[in-house]
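J.: When you get a sec, could you give me coordinates for this:
(one chain, ligands or ions: 1)
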Amino acid sequence: MNVQRAFRTTHLPGANDTFAADVMTGLAARPKSLPPKYFYDLQGSALFERITELPEYYPTRCEIGILQDNAPAIASMFPPGCALIEFGSGSSRKARIVLSAAATVEAYIPVDISGDFLLQDLAQLHRDLPHLVVHPLVEDFTQKFAIPQHLAKLPRVGFFPGSTIGNFEPDEAGRFLRHIGKMLGAGSLLAVGIDLVKDEETLNRAYNDAEGVTARFNLNLLTRMNRELGADFDLSAFKHDAFFNSEKSRIEMHLASTKQQRVRINGAAIDFQEGETIHTENSYKYTVKSFRALARKSGWSPVKVFTDGFFSVHVLRKTGRG
Ligand code: AVJ
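T.: This is a model prediction of the structure:
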C-alpha cells in the first residue's frame, strides 16, 4: 500500500480553497448553513469516533451488530476476486468485519476526505489480512475519482456504511446512488447502511448526549474556521442545537448564536441575530420501504436487507437501466 501517495490530494496548494469558498457561500446564505463534510478534520474525526462509543448513539453499535451477525451472508453475495470500494470510510472497522468473512475479496479501496484518519487502521488491516490489496484514496467521495489502473478490471462491490447517505437531501441521495452506480458499473453490488425512523426520544437522545461530545463535534466547526480561515468565532457564544424534524424525517443540527454578534472571517463581516443558527447537518432517517423506493428510482434493485429494527444494511444490485 502506498501511504505517501494517499496524502497528496489534500496537501496540494489551494486544497483549502473549497473550504473557504464553501464557508463564505454558506454563511452568506439565509438560513446560514455549512456542509457537514467539514466536520471531519483530525479533531472532528476523533470526536466522531467518540460519538460512536456513546451509550446514546445507537447507530454504530447496531450496524456493527448487524454486520457481525450477517457478514458471511453478505460476503457470499460478492463476486469472487472483487474490489470492495468504501465511500467515506473513516476508520475501516466495519469493512474489516465484512472482509474477514470474505476471503475472495481481492482488493479493498477505502476512500475518505480525512487522510490522517483513513490511514491509521490500514496497516493493521493489512497485517491481519495479508492476501488483501489495500489501496486507500484520499478523495471527496461525492466527486468522481479514478480507480487505480491495476485494480480497474476487478468486479466492484460498493460499501457505504454508517448511514452517511442520511446527510444528503433525498433527491441528492438518489443522485449520489446513481453516481455510485455509474462508478461501479453494470452488475455491481452495493451494501449500504441506513438508519431507520424510530421514536423521537431515542433519536433526540442520540444527538444530544449527556457528556456533550456531539456538542463539541458540532462546535469544532467553529474552531476549524478560526484556525484554518483566521475567523474569530467565540465558542462560548454559540450552542449546539439538535432535534428531530418529523415532517422531514431528519435530525437537524445547528449552531445557535446566543446573542447578536459580528464575526470576522477572511476579512468579511458575518452578522448573527440572537438565536440565529448555522444549520450544520441533516441526518435523514428512512424506513426499509422508503429507502428501497429511493434505491429503485436511482438505478438499484433491492436484493436483501438486514435489520435489527433500529438500523438497516441493504444489499442492492445495479439495474440494467442505470
Ligand atoms: C456520520 C452522518 C451518519 O448523522 O448520525 C453523528 C454524523 N452527527 N452525530 C449521523 C453525526 C452527529 C452521523 N453520520
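
J.: Excluding sequence neighbours, find me the nearest residue to the residue of the chain found nearest the ligand.
T.: For the chain, the residue closest to the ligand is residue 283, as judged by Cβ to the nearest ligand atom, at 3.2 Å. Bear in mind the C-beta positions are built from the backbone N, C-alpha and C, glycine included. The spatially closest residue to residue 283, leaving aside those adjacent along the chain, is residue 251, at 4.1 Å (Cβ to Cβ, 6 or more residues apart in numbering).

J.: Just give me the neighbour total for the one you found.
T.: 22 (other Cβ atoms under 10 Å).

J.: Can you pull the residues of the stretch 151-300 of the chain lying near the ligand?
T.: If contacts are counted using Cβ under 6 Å from any ligand atom, the residues of the stretch 151-300 of the chain sitting beside the ligand are 162, 163, 164, 166, 167, 207, 214, 281, 283.

J.: On the three-state scheme, the first one is what?
T.: In this case it means residue 162. When states are read from DSSP: H, G, I helix; E, B strand; the rest coil, the local structure at residue 162 comes out as coil.

J.: Touching, it and residue 62? I think so.
T.: No - contact between residue 162 and residue 62 fails when scored by Cβ atoms under 8 Å: they sit 11.2 Å apart.

J.: re earlier: what's the burial count for the residue of the chain closest to the ligand?
T.: Residue 283 has 21 neighbouring residues, counting by other Cβ under 10 Å.

J.: After the helix or strand encompassing it, heading C-terminal, what element do we hit next?
T.: Following DSSP states H and E, the helix or strand that holds residue 283 is strand 277-284. Sequence-wise, the next helix or strand beyond strand 277-284 is helix 288-296, with elements assigned using DSSP H and E.

J.: orientation of that next one relative to strand 277-284 in degrees?
T.: Here helix 288-296 runs at 90 degrees with respect to strand 277-284, directions being taken by axes from the mean of the first three to the mean of the last three Cα atoms, to 10 degrees.

J.: now what about helix 288-296, what contacts it?
T.: 170, 173-174, 177, 194, 196, 249, 286, 301-302, 305, 307, 312, 314, 316 (Cβ atoms under 8 Å, 6 or more residues apart in numbering).

J.: Quick check: mean pLDDT of it?
T.: The average pLDDT within helix 288-296 is 98.

J.: And for stretch 274-285?
T.: Throughout stretch 274-285, pLDDT has a mean value of 98.

J.: What of stretch 30-50?
T.: 93.

J.: Now do the end-to-end distance for stretch 137-156.
T.: The straight-line separation of the ends of stretch 137-156 (Cα to Cα, to the nearest Å) is 16 Å.

J.: So which bits of it are buried?
T.: Burial within stretch 137-156, assessed by neighbour count using 16 or more other Cβ atoms under 10 Å, is assigned to 137, 138, 139, 141, 142, 145, 147, 151, 154, 155, 156.

J.: for the residue lying closest to the fifth one once chain neighbours are set aside, helix, strand, or coil?
T.: Okay, so that is residue 142. Of all residues beyond its chain neighbours, the one nearest residue 142 is residue 176 (6.6 Å), with distances taken as Cβ to Cβ, 6+ apart. Taking three-state DSSP as the rule, one finds residue 176 in the helix state.

J.: Does residue 176 touch residue 168 like I think?
T.: Yes - under the criterion of Cβ under 8 Å, residue 176 is in contact with residue 168, at a separation of 5.9 Å.

J.: tell me, what residue is most central in the protein?
T.: Nearest residue to the geometric centre of the chain (Cα atoms, centre = their mean): residue 164, 3.6 Å.

J.: I'd guessed it sits against residue 87; true?
T.: Yes - between residue 164 and residue 87 a contact is recorded at 7.3 Å, counting by Cβ under 8 Å.

J.: Quickly list what's touching both of these two.
T.: With the criterion set as Cβ under 8 Å, 6+ apart, the contacts of residue 164 and residue 87 do not overlap.

J.: who touches residue 202 in this structure?
T.: Residue 202 makes contact with 58, 310 under the criterion Cβ under 8 Å, 6+ apart.

J.: and the host helix or strand of it, average pLDDT?
T.: Mapping residue 202 onto the secondary structure by DSSP H and E places it in helix 200-206. In this model, helix 200-206 has a mean pLDDT of 98.

J.: buried set for stretch 203-215?
T.: Of the residues in stretch 203-215, those with enough neighbours to count as buried (16+ other Cβ under 10 Å) are 203, 205, 206, 207, 208, 209, 213, 214, 215.

J.: which residue sits closest to the residue lying farthest from the centre of the chain in space, ignoring its chain neighbours?
T.: Outermost residue of the chain with respect to the C-alpha centroid, by Cα atoms, centre = their mean, is residue 260; its distance is 32.8 Å. In space, not counting the residues next to it along the chain, residue 260 is nearest to residue 274; the distance is 5.0 Å by Cβ to Cβ, 6+ apart.

J.: Equivalent analysis for residue 261, please.
T.: Here the nearest residue to residue 261 in space, its sequence neighbours aside, is residue 272; by Cβ to Cβ, 6+ apart that works out to 5.1 Å.
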